[in-house]
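> have a look at this prediction, sequence included:
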Amino acid sequence: MTEDPRLHAARYRVEKLQREWDDDAPAESQEPGTEPAREPDADHVRSSPGSSMSTDRAAYIETAIQQAIRAGEFDDLPGAGKPIEGLGVAHDPDWWIRRKIQTEKLTGLGPPSLMLRTEHAEFAARADALSREEDVREYVTDFNRRVIEARRQLQGGPPVVTPLHDVDDEVAAWHERRRDRQAAASAAASAHPPRRPRWRRRGHRDDGAPATGG
């Protein structure tokens, strides 16, 4: 069963509290006392005598987590109730760089391998922004040239795994997407025909003069 993401976030949050507890933990245990009837809070667990430090630590963390959950401190966290991104795909050592560039919408930054991967993901959109077939062919050729050049460079960093694009295939796909957009625009125009101007209504002839009575 998948662990509650709130618990995972809470455990991450109390790591700092755990380190602070280790720094402030007493060197000697106190005399055993009577256990209170009510549910102990985190401060009580931290000072409970008669148990090992590891046991106290685990009890303190779990108690702090449960108290934070009941207080609603972990409600509506980013990504709550949503699938985890990146599951089922190959491991990407540069995932954190890619995520930063995507979330911050940065352009022109990063190693060539990462920039080419980003451009590859947006390839169709960039090609569709061009209006002529010659420009599309030139763009695909230039992209392939930059991929090959990046593969030949021996400057370290992550490897270049971006594939090359076939020029003819990309041109054909560009034409197909363009036809689809034109067909969609025509269908939308047919569904909403233009309305007649108001000045041609109510007793006005097409030449703009008032209609005479019969």
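Received, thanks. Numbering: from 1, shown residues only.
> Glu73: which element?
In this structure, Glu73 is located outside every helix and strand according to DSSP states H and E.
> how about it, phi and psi?
Phi and psi for Glu73, reported as degrees, to the nearest 10, are phi -70, psi -20.
> in this protein, which helix is the longest?
Counting by DSSP state H, the longest helix found in the chain is helix 167-191.
> show me what that one is packed up against.
Judged by 3 or more C-beta pairs under 8 Å, 6 or more residues apart in numbering; DSSP states H and E, helix 167-191 is in contact with helix 123-128, helix 133-152. Bear in mind the C-beta positions are built from the backbone N, C-alpha and C, glycine included.
> just the helices in the chain please.
5-13, 15-24, 42-46, 53-70, 95-104, 112-121, 123-128, 133-152, 167-191.
> if I average pLDDT within each of those helices, which one is lowest?
In terms of average pLDDT, helix 42-46 trails the rest of these, at a mean of 53.
> surely Trp68 meets Asp75?
Rather than Trp, residue 68 is Ala. No - judged on C-beta atoms under 8 Å, Ala68 makes no contact with Asp75 at a distance of 10.2 Å.
> quick one: the closest residue to Ala173 other than its chain neighbours from His175, how far?
In this structure, Ala173 finds its nearest non-sequential neighbour in Ala124, 7.2 Å apart by C-beta to C-beta, 6 or more residues apart in numbering. Per C-beta to C-beta, to the nearest Å, Ala124 is found 12 Å from His175.
> cool, and Asp76?
Asp76 is 46 Å from His175, by C-beta to C-beta.
> please say which of these two ends up with more neighbours.
It is His175, of Asp76 and His175, that has more neighbours when counted by other C-beta atoms under 10 Å, with 12 against 7.
> contact partners for that one?
Glu133 (C-beta atoms under 8 Å, 6 or more residues apart in numbering).
> can you list the domains in this structure?
Using automatic domain parsing, the domain parsing of the chain gives 5-70, 95-191.
> reformat the helices of the chain as TSV; add distance to Val160.
TSV is the format used below for the helices of the chain (distance: least, C-beta to C-beta, whole Å):
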stretch	distance to Val160
helix 5-13	34
helix 15-24	37
helix 42-46	50
helix 53-70	44
helix 95-104	14
helix 112-121	5
helix 123-128	15
helix 133-152	5
helix 167-191	19
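> quick one on the thing from earlier: settle it for me: which of Ala68 and Asp75 has more neighbours?
Between Ala68 and Asp75, Ala68 has the larger neighbour count (other C-beta under 10 Å), namely 18 against 9.
> do you know how far the more buried one is from Glu15?
13 Å.
> can you check Leu116 too?
Leu116 is 37 Å from Glu15, where distance means C-beta to C-beta.
> which of these two has more neighbours?
More neighbours surround Leu116 than the other of Leu116 and Glu15, with 21 against 10 (other C-beta under 10 Å).
> what's the closest non-adjacent residue to the more buried one?
Closest residue to Leu116 apart from its sequence neighbours, by C-beta to C-beta, 6+ apart: Thr162 at 4.2 Å.
> who's in contact with that neighbour?
113, 116-117, 119-120, 147, 150.
> pLDDT at it, what is it?
For Thr162, the predicted pLDDT is 90.
> now for Glu149: which residues touch it?
With contacts defined as C-beta under 8 Å, 6+ apart, Glu149 has no neighbours.
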